[in-house]
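Asks: Sequence isn't available, so here's the structure alone:
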């Protein structure tokens with residue numbers, strides 16, 4: 001299956017692991033110039049956001065410490081009261097006396113936990129600005145190596161790291177300020193980034209043809225059980241996202257789901273004979289036993305784009321190979337764990353393994369939803385508000401992605417677009433939103 005992912009121009013939005021960032025630094029050469037630019041960027045960011053107060057710069061032994069030293073020089077030149085200390089020589093009392101502490105101890109590539117003395121030093125600080133990442137945070141995974149401080153904001157350079165977007169790192173970084181230090185985009189291309197911040201640069205929404213008809217805009221069939229609420233939410237989203245025809249297939253349903261959504265009571269075997277039905281959603285509200293049977297039948301039919309969610313994923317618990325042939329799966333953490341085992345400390349790596357094992361695009365849902373393709377390309381989403389975590393929103397997402405598949409998008413960009421649009425709709429809906437508030441907003445967002 002093709003994933004049709006076109007890298008954004010100038011590698012905008014690329015996320016570089018600490019290893020990739022190290023390679024880029026080596027390829028760029030001229031480390032002194034880069035350090036001068038980075039330190040100047042830190043100082044300027046502080047001067048733009050903070051009033052002039054006594055500052056303590058805690059400098060580490062590597063490039064991160066060098067950036068801090070340069071920042072201290074620039075702040076001093078502008079009349080700021082600055083003390084520069086090697087972190088090994090500073091005391092918690094030094095940190096407590098400063099109104100602002102610049103954490104330039106360790107960068108994103110730290111491979112071990114902080115020692116107790118360094119932890120005590122950082123805990124004593126009242127306000128922290130972090131250089132690259134808060135010390136103790138793994139820039140590749142967003143995980144904390146024992147302890148990492150809470151930063152008011154973090155200044156990083158060239159490209160963000162995955163750990164800036166993945167929790168808990170995302171929360172500890174505060175606002176992340178990405179600063180240009182003069183590294184050419186061509187160098188980023190040589191590093192070959194494979195992870196991106198999710199956003200419109202990763203996809204192009206399909207355009208409607210002036211001569212199109214309902215079937216040319218895609219047909220979505222959603223399998224439902226005796227409790228059709230989840231399927232109804234998925235169907236509402238699919239319609240609003242531009243699918244030309246949307247059907248709920250439920251042999252035992254008694255009433256129509258809503259105006260404009262077709263209810264099909266024919267047996268599944270019969271529906272699968274209709275060649276216009278190219279996109280199927282299997283799982284929401286279907287029931288585990290029914291989902292197990294239905295998934296097998298839909299997978300046996302040729303040429304279909306299948307999105308598996310909810311009960312279809314539970315039906316494959318411990319046997320993820322049964323999902324081979326599915327285009328997109330959308331598990332939350334519990335479903336993912338039942339399918340593939342514990343996520344572990346590296347969410348991106350776990351999702352990549354799952355995509356490779358199943359051959360499907362994996363949407364691992366959460367506050368930092370990760371989208372991965374079997375070829376290893378991945379995106380981390382960062383626009384979802386906390387109020388999106390409410391019942392039914394996953395069903396809306398399933399229908400939204402299915403509609404984009406039906407309209408001709410390839411699985412990876414369709415999943416990226418669906419996740420991003422889902423977050424944008426929730427932001428527009430605001431706190432207190434319900435899942436059913438999202439589809440009307442998608443009507444505009446998914447077709448702009």
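Replies: Looks like it arrived, so ask away. Note that the structure is a prediction, hence the values are computed from the model and not measured.
Asks: got any ranges where the chain has weak pLDDT?
Replies: Counting by pLDDT under 70, the ranges of the chain that qualify are 1-4, 209-216, 226-227, 253-259, 448.
Asks: Give me the outermost residue of it relative to its centroid.
Replies: residue 79 (41.0 Å; Cα atoms, centre = their mean).
Asks: for the closest residue to that residue other than its chain neighbours, what are its contacts?
Replies: Spatial nearest neighbour of residue 79, chain neighbours left out: residue 52 (7.1 Å); criterion: Cβ to Cβ, 6 or more residues apart in numbering. All C-beta spots, glycine's among them, are computed from the backbone N, C-alpha and C. With contact set as Cβ atoms under 8 Å, 6 or more residues apart in numbering, residue 52 has these partners: 79, 80, 81.
Asks: which stretch of helix or strand covers residue 52?
Replies: Assigned by DSSP states H and E, residue 52 falls within no helix or strand.
Asks: Okay, it and residue 80: tell me how far apart.
Replies: Separation of residue 52 from residue 80 (Cβ to Cβ, to the nearest Å) stands at 6 Å.
Asks: what do you get for residue 124?
Replies: From residue 124 to residue 80 the distance is 20 Å (Cβ to Cβ).
Asks: How about residue 5?
Replies: 45 Å.
Asks: How about residue 322?
Replies: Going from residue 322 to residue 80 by Cβ to Cβ gives 62 Å.
Asks: Next: residue 406.
Replies: From residue 406 to residue 80 the distance is 58 Å (Cβ to Cβ).
Asks: Assess the claim that residue 124 and residue 90 are in contact.
Replies: No: using Cβ atoms under 8 Å, residue 124 is not in contact with residue 90, being 9.4 Å away.
Asks: of those two, who's got more company?
Replies: The neighbour count for residue 124 versus residue 90, taken as other Cβ atoms under 10 Å, is higher for residue 90 (23 against 18).
Asks: That one should be in a strand, yeah?
Replies: No: counting by DSSP: H, G, I helix; E, B strand; the rest coil, residue 90 falls outside a strand, being coil.
Asks: what's near enough to touch it?
Replies: Going by Cβ under 8 Å, 6+ apart, residue 90 touches 56, 58, 121.
Asks: residues in contact with the closest residue to the first one other than its chain neighbours?
Replies: It refers to residue 56. Closest residue in space to residue 56, ignoring its immediate chain neighbours: residue 98 at 3.6 Å, by Cβ to Cβ, 6+ apart. Residues in contact with residue 98, defined by Cβ under 8 Å, 6+ apart, are 54, 55, 56, 83, 125, 126.
Asks: nearest to residue 350, of the residues you listed?
Replies: residue 125 (33.4 Å; Cβ to Cβ).
Asks: I'd like to know how far that closest one sits from residue 66.
Replies: 20 Å.
Asks: Is residue 283 in contact with residue 310, as I believe?
Replies: Yes: Residue 283 lies in contact with residue 310 (Cβ under 8 Å); the separation is 4.0 Å.
Asks: higher neighbour count, those two?
Replies: Counting neighbours by other Cβ under 10 Å for residue 283 and for residue 310 shows that residue 283 has the greater number, 34 against 25.
Asks: Is the nearest residue to that one once chain neighbours are set aside in a helix, a strand, or coil?
Replies: Distances taken as Cβ to Cβ, 6+ apart put residue 312 closest to residue 283, at 3.4 Å, once the chain neighbours are dropped. When classified by three-state DSSP, residue 312 comes out as helix.
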